[in-house]
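Visitor: Sharing a sequence plus its predicted fold:
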Amino acid sequence: MSALPKVTVKLRRGIGEDPRRNMMSALTDQLDKTRFFIDGEADWTAEFGPVPRPTGRAYTHGVRAAAVTLADEIREHDGGPLVVGGFSAGAAVVNTALRMLSYRERQAKVTRAILVADPAMPASIRLDQLVGTRRPNSSGITGGKSIWTPDGSRMLTWVAHQGDAICCCPLLSPLRTLADQLTGMSLSDLGGWGAELHTKLVTRAFQPTNVLGMSEALWDLDGYIRRGEHVRHYPPMLAQLGAQLNKEMR
């Protein structure tokens with residue numbers, strides 16, 4: 001009896017996380033290493049302007065470059081089942097990469113995609129695509145980006161918590177303007193940052209907001225900065241999901 005092919009796992013970490021141990025380790029720690037091969041990251045600096053280093057790359061540029069690389073890796077994959085996933089900005093890389101692929105390419109290459117605290121989580125996802133909870137009338141803080149799959153497909157899984165405004169930001173939250181202004185920030189490329197802001201103004205690309213939601217926005221901002229809403233909920237969810245993957249891919 002021939003051995004089953006190994007499952008390749010390609011993950012992208014969140015901003016400033018250690019490439020060796022990070023949020024997605026809560027998932028990989030549960031995986032049977034005789035069945036799963038954890039592939040290394042490529043071309044992903046995990047920077048948001050000056051975080052974690054003062055001369056870091058703008059978020060939008062870093063995410064797009066890493067997504068191009070990941071999309072190419074997916075197209076070239078020919079070694080059995082493939083799982084892709086990421087946390088926070090890393091989830092945005094995965095989301096962007098999947099949208100760069102045609103549906104046929106996704107269907108042929110990707111067995112499972114796990115997007116944790118995705119800043120681009122769409123406003124409408126099926127219940128069977130969600131692990132955790134989500135806030136009504138919300139989407140990722142940078143604007144929801146949908147990835148089409150047919151009904152019944154188990155390819156996509158979003159891991160979210162209703163208290164995390166990065167993935168569950170109210171649709172008219174003033175925090176969206178903050179995100180729109182900062183995603184192009186780079187102290188090493190102030191001209192590029194200014195050009196991106198100008199383009200967004202000219203093309204009316206800023207997300208709509210309502211100042212009446214300021215109290216909720218301040219609560220959400222405090223949740224991100226002080227209460228740990230963007231990180232504390234996910235390790236147990238990912239551990240459970242990792243154990244589930246072990247059973248599904250025997």
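Guide: The structure has been received and is ready for your questions.
Visitor: hang on, residue 234 packs against residue 116?
Guide: Yes. Between residue 234 and residue 116 there is a contact under Cβ atoms under 8 Å: 5.8 Å. Yep, even glycine has a C-beta here, placed from its N, CA and C like the rest.
Visitor: between these two, who's got more neighbours?
Guide: Neighbours were tallied for residue 234 and for residue 116 using other Cβ atoms under 10 Å; the higher tally belongs to residue 116 (32 against 24).
Visitor: Against residue 237, how distant is residue 30?
Guide: When distance is defined by Cβ to Cβ, to the nearest Å, residue 30 is 11 Å away from residue 237.
Visitor: check contacts around the residue nearest the centre of the chain.
Guide: Nearest residue to the geometric centre of the chain (Cα atoms, centre = their mean): residue 91, 1.5 Å. When contacts are counted by Cβ atoms under 8 Å, 6 or more residues apart in numbering, residue 91 touches 12, 85, 115, 116, 117, 118, 119, 120, 121, 167.
Visitor: So what pairs up with the second one in the strands?
Guide: To tie it back to what came earlier, the one meant is residue 85. Taking DSSP bridges as the rule, residue 85 bridges to residue 11, residue 114.
Visitor: give me the number of residues near it?
Guide: 23.
Visitor: Let me know whether it touches residue 117 as I believe.
Guide: No. Residue 85 lies out of contact with residue 117 (Cβ under 8 Å); the separation is 11.4 Å.
Visitor: in what helix or strand does the residue nearest to the centre of the chain lie?
Guide: helix 89-100 (DSSP states H and E).
Visitor: How about the next helix or strand after that helix, which residues are buried there?
Guide: Downstream of helix 89-100, the next assigned helix or strand under DSSP H and E is helix 103-109. Neighbour-count burial for helix 103-109 flags 106, 109 (criterion: 16 or more other Cβ atoms under 10 Å).
Visitor: on contacts alone, who are the packing partners of helix 103-109?
Guide: Under the contact definition 3 or more Cβ pairs under 8 Å, 6 or more residues apart in numbering; DSSP states H and E, helix 103-109 sits against helix 59-76.
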